[in-house]
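Undergrad: Based on what follows, work out the 3D shape:
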Amino acid sequence: MLTLLLLAILFIALFCVYFYFANKRFVGRYNASIPISANHAYQQLSHLESWPAWLPWLIYDQEASIHYSEHSHNRSMEQSLTWQGQLIKHGHLTIHPTRPDTTYFHTTLNAPAFYPCDIYFNIDFAKQEKSSTITIQLTGKLPILKRWRAKHYQLKASKDAELAILYLCDLLTKASARYSQYYNAPSFHYLARTQLNNIDAVTRPFDVGSQPMSQKMEQGFHDLFTQLGPENPPAGPCFALYKKADIIHHYFTGRLGIPVQNIVPCQLCPEKITFSGDYLHLRYVGSYQKLSLAWHVLYNYMRLNRLHVHSRRCGIEIFEVGPTQAENSQDFVTLVYLPIR
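TA: Prediction:
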């Protein structure tokens, strides 16, 4: 009996420590500059009909139904946008009134398919000399039992803010003929579940910590091509296998590879790369600097479809169109594969 009492006291003490010290709030923020005045950008968003084109939570369900409404609150009008979809379920966003002289949107987001709490979703347009700066911030307060995942939701909110900024800048600049080519948002095409064929390839390990990922990969592929020599052209697009990917601490390990066939003797020995099981497949069009957003989107598709990642198999990037095929980095094409069980 005494043992049970001591265990109960210990459990209560641990819960109190968790409740007191666990981070209950998370914030995701991102900003960008566009060559459009803050007032003009603000006016373009003054009606909710333009918002579905750039809200990041709606890209996962193109068939979702969307409804708009207005209602009076404290002698002011509030606008609301409501959606209902098979994957994204029910959600709504409400624009709250602000002072007439501001270029600022204060909104409340309720999206249970993505966050376990209401989110303050704020958009600020700051005036610059010849442009304006857009800042998007998401702030949430986690329920008690979700606070241990505060870092996860902080990263999630940061990626959602970044994705929203990219879509919003694309929308605002394309509405102006003068700046229609100034900004291009990346695109994501979900290609559902698939399996991959085994390939013969030469590989080398990579380990990315403090240095930029693109720099490490560029050097790794350069070394592979140098060792292969001109007599051994690649038999397909280059790829990366991720054994570990820790975005929060910017730490990645895995192998870089180049497919080969009928290889002429050189410094490298080909190996058989076996891809077992099923993968979720996403086609990403955009620069390598934003490639982490493709993984963010694909993980969301996985979770919305109630699937689970296979932690013992590698995530894969296949660089279908890269610098040697396209001059503009916005036209790069990367196939992203997430192993599932």
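Undergrad: Domain-wise, how is this protein divided?
TA: With domains defined by automatic domain parsing, the chain comprises 22-183, 190-340.
Undergrad: List phi and psi for Arg25.
TA: Arg25 adopts backbone torsions of phi -110, psi 150, taken as degrees, to the nearest 10.
Undergrad: isn't Trp57 right up against His90?
TA: No: using Cβ atoms under 8 Å, Trp57 is not in contact with His90; the gap is 11.7 Å. C-betas here are computed from N, CA, C, even on glycine.
Undergrad: more neighbours, these two?
TA: Comparing Trp57 with His90 by other Cβ atoms under 10 Å, the one with more neighbours is Trp57, at 22 against 13.
Undergrad: Can you check which of the domains of the chain gets nearest to Thr3?
TA: When the domains of the chain are compared for distance to Thr3 using Cβ to Cβ, the nearest one is domain 22-183, at 26.5 Å.
Undergrad: Next, format the domains of the chain as JSON lines and append distance to Thr3.
TA: Shown next, in JSON lines, are those (distance: least, Cβ to Cβ, whole Å):
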{"stretch": "domain 22-183", "distance to Thr3": "26"}
{"stretch": "domain 190-340", "distance to Thr3": "36"}
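Undergrad: Dump those domains into TSV; add mean pLDDT as well.
TA: Listed next are those as TSV, based on pLDDT from 0 to 100:
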stretch	mean pLDDT
domain 22-183	88
domain 190-340	91
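Undergrad: the helices in the stretch 1-150 of the chain, which residues?
TA: For the stretch 1-150 of the chain, the helices defined by DSSP state H, counting those that start in this stretch occupy 2-21, 38-44, 150-174.
Undergrad: meant to ask about the stretch 151-300 of the chain, not that
TA: Under DSSP H, counting those that start in this stretch, the stretch 151-300 of the chain gives helices at 213-228, 291-304.
Undergrad: Which elements pack onto the last one?
TA: The reference is to helix 291-304. When contacts are defined as 3 or more Cβ pairs under 8 Å, 6 or more residues apart in numbering; DSSP states H and E, helix 291-304 packs onto helix 150-174, strand 187-194, strand 278-285, strand 333-340.
Undergrad: Only the buried residues of it, if you could.
TA: Residues of helix 291-304 classed as buried: Leu291, Ser292, Leu293, Ala294, Trp295, His296, Val297, Leu298, Tyr299, Asn300, Tyr301, Leu304 (neighbour count, 16 or more other Cβ atoms under 10 Å).
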